[in-house]
Every structure is written in C-alpha cells, then in structure tokens.
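Engineer: Have a look; sequence and predicted model below, questions after that.
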Amino acid sequence: MKSNSLCYDILAKSIIWAYMNLRQLEILRAVIRHRTTVAAADELALSQPAVSNALKTMEAQAGFALFERVNNRLFPTAEAMALYKESEAIFALHAKLESRVRDLRENRSGHLSLVATPPLAYSIIPSALSGFLRRRPETRVFFDVRRYEGIIEGVLSHVAELGFALGLTHHPGIAHEVVHTGEMVCVLPPQHPLVGQPVISASDLVGLPFIGLERGTRLGEAVRDSFSRAGAPFQPTVEVRYCNTACVLAAAGVGAAVVDPFSPRQSGNGLVVRPFAPTTRAVAYMLWSEAEPLSRLAKAFLNEVRKESKLLESGTPPAARGN
C-alpha cells in the first residue's frame with residue numbers, strides 16, 4: 001500500500017509538471033487563496049488580464065475546468081484543489097532550493113577546513129572566525145593546529161583549504177599572501193631586571209635566565225640568527241617548541257624569551273613586552289593550493305582575516321572590535 005502511494009505521488013507530480021509550469025501553478029494557488037483574479041494579480045505583481053489568460057491556458061492544457069465562476073468570484077473545483085495539495089511539496093522544495101542558493105550566494109553555509117601554526121591559531125584566527133561564523137550559522141568549520149610542516153602537508157593534500165603560518169619558503173603548488181608583518185619581541189616577567197629598558201637587545205639577555213625556542217624550528221633559527229648577528233652567545237636555560245609555552249614560562253618567572261608578536265597577546269598573565277634588537281621579522285602568511293580554485297566561503301574567510309590583520313596593526317583590542 002505504501003509503495004502504491006509513493007508511485008501515485010510521483011505520477012501526480014509528473015502530471016503536474018507535464019501540463020503546468022511553476023509560474024502557472026503559482027497563479028493557480030494565488031487564485032484559490034483569493035478567489036478573484038484581481039487580488040491574485042496584486043499578490044503576484046501581474047495584470048488582471050494576464051492572470052485570467054493564464055487560467056484559460058491552464059484549463060485548456062489540463063482538459064478540465066479549474067474554477068466555477070459565481071458572482072464574480074472563482075471557486076476551485078475538486079480537481080483544482082487536488083492540484084493545489086499536490087503542489088505543496090513542489091513549492092516547499094522550491095523554497096528550500098531558493099534558500100540554499102541564497103546561502104551559497106551570501107556564503108552563509110558550507111564547509112571550510114583550516115590549519116594554522118600555534119601563534120596564529122591562538123591569536124588572529126579565533127577573532128576572525130568568531131565574526132565569520134556569527135554571520136554564517138549554517139557553516140561548519142574544521143580547524144586544526146599544527147607545526148609548519150603540517151600546514152604545508154595539509155594544504156597540499158587538500159585536508160585543509162586554507163593554511164596560516166609564520167614564515168614561508170617556496171613550495172611548488174602553494175599560493176600565498178602576506179597577512180601580517182611584525183617583529184619578534186622580548187617578553188619578561190613583571191619583576192625582571194630589564195623591565196625598565198625600552199628596547200631589549202640580544203646582548204642584554206646574556207648571562208640571565210633565558211627561554212629559547214627549539215633548534216630546527218623556523219622561529220628558533222630566526223632567534224639564533226639574531227643573537228649571532230649581535231655577536232651574543234645563545235645560551236638558553238630552557239628550550240621549548242612553541243612561543244605560547246615560552247610566554248607561560250616567562251610569566252611564571254622562569255626567565256625572558258624572544259617570541260613572535262602574536263603569542264604575548266593571548267597570555268593575559270601580566271607579561272611585560274618590549275621591542276627586541278636586532279630587528280627580527282615575523283611574517284604571517286595565508287596559504288592555499290594552486291591546484292584548485294578557492295571556494296567562495298574560503299575567499300570570504302580570507303577577507304575576514306585581512307580585516308582582522310588591519311585591526312591588529314591599528315592596536316585595536318579584540319574586546320573592542322565588535323565582530
């Protein structure tokens with residue numbers, strides 16, 4: 001019985017489409033609701049003659065009367081009401097399709113995969129993502145935090161559509177854009193003896209407890225190079241992999257550290273931040289695969305990150321940004 005009902009539904013919808021198009025059905029439904037061609041024409045922004053002619057055409061195509069005319073009012077026949085009920089599913093599907101097209105046009109739904117190194121994953125990306133998703137509640141995001149090598153692998157393997165990393169060497173197949181250019185900074189615990197200095201040099205840190213970044217990492221090698229340029233020995237008391245870890249240890253009084261400019265913004269532990277000399281650049285990049293065009297959703301998120309970068313450059317705190 002259930003199978004017969006399904007077959008009937010499919011057949012009925014096929015018959016509707018064979019004899020009437022969507023616009024004709026829309027006119028039919030409006031006339032049934034209002035019972036006059038004048039009111040239906042007003043609703044549909046058509047002329048009254050256009051509605052009347054459409055009804056005549058529909059009746060000719062269907063081969064039976066759709067309305068009985070009594071005292072200038074139109075009363076739907078049983079056949080017209082059957083079509084009205086059958087068309088409900090069609091218009092519900094059409095409304096759903098229109099909504100889907102609108103969401104795609106306005107980038108309000110879909111899936112987006114992101115990967116980022118810790119400094120960007122815990123600073124610029126969360127603020128950008130917050131405003132992005134608030135305006136797109138139907139969007140689903142996969143967000144992973146990886147080391148630099150993992151970002152490159154994720155983008156090339158299409159695990160992620162967008163990657164974000166500090167520093168970049170040329171990789172075939174990867175397109176990139178600079179999202180923010182900053183300089184490495186020195187972080188100090190509040191009671192550190194160098195707190196009073198406006199700029200901390202590599203030489204100032206010699207002989208004092210110092211938290212270094214792991215050898216072999218991009219930022220770790222950059223800091224070692226800055227010490228070398230200053231002619232100062234690099235002698236860390238503690239070595240860590242991530243700048244966030246260095247900030248936590250510095251705030252706990254373990255020592256000073258030279259880190260990227262993003263990480264101290266997230267610590268919230270009373271760290272003292274000072275410019276570091278010699279100047280050591282920290283450039284943030286957005287990465288994506290050259291093999292595939294970016295989705296509209298990815299392009300919209302890149303714009304969000306660009307806006308966040310400008311706010312970061314202006315010094316506007318996250319709480320005052322009003323995403």
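Structural biologist: Cool, got the structure. Residues are numbered from 1 along each chain as shown.

Engineer: alpha carbons only for contacts and neighbour counts from here, please
Structural biologist: Will do.

Engineer: those strands in the stretch 51-200 of the chain, which residues are they?
Structural biologist: For the stretch 51-200 of the chain, strands defined by DSSP state E, counting those that start in this stretch occupy the ranges 67-70, 73-76, 109-116, 138-145, 162-166, 174-183, 185-188, 200-201.

Engineer: Export these as JSON lines, with columns for distance to Gly231.
Structural biologist: Output for the strands of the stretch 51-200 of the chain, formatted as JSON lines (distance: least, Cα to Cα, whole Å):
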{"stretch": "strand 67-70", "distance to Gly231": "96"}
{"stretch": "strand 73-76", "distance to Gly231": "94"}
{"stretch": "strand 109-116", "distance to Gly231": "33"}
{"stretch": "strand 138-145", "distance to Gly231": "35"}
{"stretch": "strand 162-166", "distance to Gly231": "25"}
{"stretch": "strand 174-183", "distance to Gly231": "20"}
{"stretch": "strand 185-188", "distance to Gly231": "18"}
{"stretch": "strand 200-201", "distance to Gly231": "11"}
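
Engineer: would you turn those strands into a markdown table with distance to Tyr122 and mean neighbour count?
Structural biologist: Formatted as a markdown table, the entries for the strands of the stretch 51-200 of the chain read as follows, by distance: least, Cα to Cα, whole Å; neighbours: other Cα atoms under 10 Å:
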| stretch | distance to Tyr122 | mean neighbour count |
| --- | --- | --- |
| strand 67-70 | 66 | 13 |
| strand 73-76 | 64 | 18 |
| strand 109-116 | 9 | 20 |
| strand 138-145 | 9 | 15 |
| strand 162-166 | 11 | 27 |
| strand 174-183 | 15 | 16 |
| strand 185-188 | 17 | 27 |
| strand 200-201 | 25 | 21 |
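
Engineer: The ones you listed into TSV, with extra columns for mean pLDDT?
Structural biologist: Shown next, in TSV, are those (pLDDT from 0 to 100):
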stretch	mean pLDDT
strand 67-70	87
strand 73-76	87
strand 109-116	86
strand 138-145	90
strand 162-166	95
strand 174-183	92
strand 185-188	96
strand 200-201	96
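
Engineer: Looking at those, which is nearest to Leu44?
Structural biologist: Leu44 sits nearest to strand 73-76 of all the strands of the stretch 51-200 of the chain, at 17.0 Å, using Cα to Cα.

Engineer: by contact count, what packs against the closest one?
Structural biologist: For strand 73-76, the helices and strands in contact under the criterion 3 or more Cα pairs under 8 Å, 6 or more residues apart in numbering; DSSP states H and E are helix 22-34, strand 67-70.

Engineer: What residues sit buried inside whichever helix or strand comes after the first one?
Structural biologist: By that I understand helix 22-34. With elements assigned by DSSP states H and E, the helix or strand that comes after helix 22-34 is helix 37-44. Of the residues in helix 37-44, those buried under the neighbour-count criterion (16 or more other Cα atoms under 10 Å) are Thr37, Val38, Ala39, Ala40, Ala41.

Engineer: Stretch 211-219 now?
Structural biologist: Ile211, Gly212, Leu213, Glu214, Leu219.

Engineer: Just the ones of the residues you listed in helices?
Structural biologist: Assigned to helices by DSSP state H, the following of the buried residues of stretch 211-219 qualify: Leu219.

Engineer: Kindly indicate which of the buried residues of stretch 211-219 lies nearest Met58.
Structural biologist: Distances from Met58 to these, taken as Cα to Cα, are shortest for Leu219 (73.3 Å).

Engineer: Nearest spatial neighbour of that closest one, chain-adjacent residues omitted?
Structural biologist: Once flanking residues are discounted, Leu219 sits nearest to Leu213: 7.0 Å by Cα to Cα, 6 or more residues apart in numbering.

Engineer: Bridged to that neighbour, which residues?
Structural biologist: With DSSP bridges as the criterion, the beta-bridge partners of Leu213 are Val240.

Engineer: Next, the contact list for it, please.
Structural biologist: Contacts for Leu213 (Cα atoms under 8 Å, 6 or more residues apart in numbering) come out as Leu219, Gly220, Val223, Glu239, Val240, Arg241, Tyr242, Cys243, Ala246.

Engineer: and the third one, what are its phi and psi?
Structural biologist: For Val223, the backbone dihedrals (degrees, to the nearest 10) come out as phi -70, psi -40.

Engineer: Quick one: residues contacting it.
Structural biologist: Residues in contact with Val223 (Cα under 8 Å, 6+ apart) are Leu213, Val258, Thr280.

Engineer: Just say helix, strand or coil for the second one.
Structural biologist: Think Val258. What DSSP: H, G, I helix; E, B strand; the rest coil gives for Val258 is strand.
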